[in-house]
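Enquirer: show me how the following folds:
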Amino acid sequence: MRRRASRCASWCDYAAGLRNTLRCRRRREIIEAAGERFVFLDSQVAGIGRARRGRAANIHAEQPDEPGIDRGRLRRMTLPTLADAAWRAVIDDLVQRQAVQRSGHWLHLPEHRITLDERELDLARKLREGIAAGRFDPPWVS
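Expert: Predicted coordinates:
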């Protein structure tokens with residue numbers, strides 16, 4: 001019995017030492033969303049943020065008249081292997097930090113704005129005048 005107790009004590013000491021050895025010494029971040037918790041290393045969160053920002057900037061440059069990109073499409077373009085629940089948690093965290101903004105279901109960089117050029121502004125003025133004059137019977141636009 002004494003031999004078994006000493007073996008058990010040495011196993012417990014070994015397990016405690018192993019637990020201390022395996023303890024994460026890097027900075028980590030716990031992201032909570034929809035009742036779930038996800039643990040990421042800070043370097044992972046920063047890498048995801050850089051990848052997302054780079055992809056969103058490319059989309060804004062290629063399609064400046066689009067309000068943003070859908071969360072699912074951004075995930076497929078950025079990190080398709082990341083579980084959807086984890087991706088949602090990351091996006092919620094980025095929105096909370098104001099690194100990305102959400103407009104309806106669109107995600108976009110905070111500095112992204114849709115603007116009309118002069119030709120489009122002239123057309124909008126003409127349409128606005130016609131719509132205001134027509135009231136409940138607006139003009140047909142061809």
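Enquirer: from R88, how far out is W106?
Expert: If you measure W106 against R88 using C-beta to C-beta, to the nearest Å, the figure is 15 Å. C-betas here are computed from N, CA, C, even on glycine.
Enquirer: neighbour count for those two, which is higher?
Expert: Between W106 and R88, R88 has the larger neighbour count (other C-beta atoms under 10 Å), namely 19 against 15.
Enquirer: neighbouring contacts of the helix or strand hosting that one?
Expert: Secondary structure here is read from DSSP states H and E; on that basis R88 sits in helix 84-96. Residues outside helix 84-96 that contact it (C-beta atoms under 8 Å, 6 or more residues apart in numbering) are 31-34, 36, 38, 40, 45, 48-49, 52, 71-72, 74-75, 79, 82, 100-102, 107.
Enquirer: how about a cut-off of 7 Å?
Expert: Helix 84-96 is contacted from outside by 31, 33-34, 36, 38, 48-49, 71, 75, 79, 100-102, 107, using C-beta atoms under 7 Å, 6 or more residues apart in numbering.
Enquirer: over to stretch 51-68?
Expert: Against stretch 51-68 from outside (C-beta under 7 Å, 6+ apart): 69, 74, 77-79, 100, 103, 106-109, 112, 114.
Enquirer: now these: which count as buried?
Expert: By neighbour count, with 16 or more other C-beta atoms under 10 Å, the contacts of stretch 51-68 hold I69, L74, T78, L79, V100, L107, H108, L109, H112 as buried.
Enquirer: can you list the buried residues in stretch 108-123?
Expert: H108, L109, H112.
Enquirer: show me the residue at the heart of the chain, geometrically.
Expert: Centrality entry for the chain: nearest residue to the mean C-alpha point is I91, 2.5 Å, by C-alpha atoms, centre = their mean.
Enquirer: now the strands for this structure?
Expert: When secondary structure is read from DSSP state E, the chain shows strands at 28-33, 36-41, 69-70, 101-103, 106-108.
Enquirer: and the third one, what does it pack onto?
Expert: Using 3 or more C-beta pairs under 7 Å, 6 or more residues apart in numbering; DSSP states H and E as the contact criterion, the elements in contact with strand 69-70 are strand 106-108.
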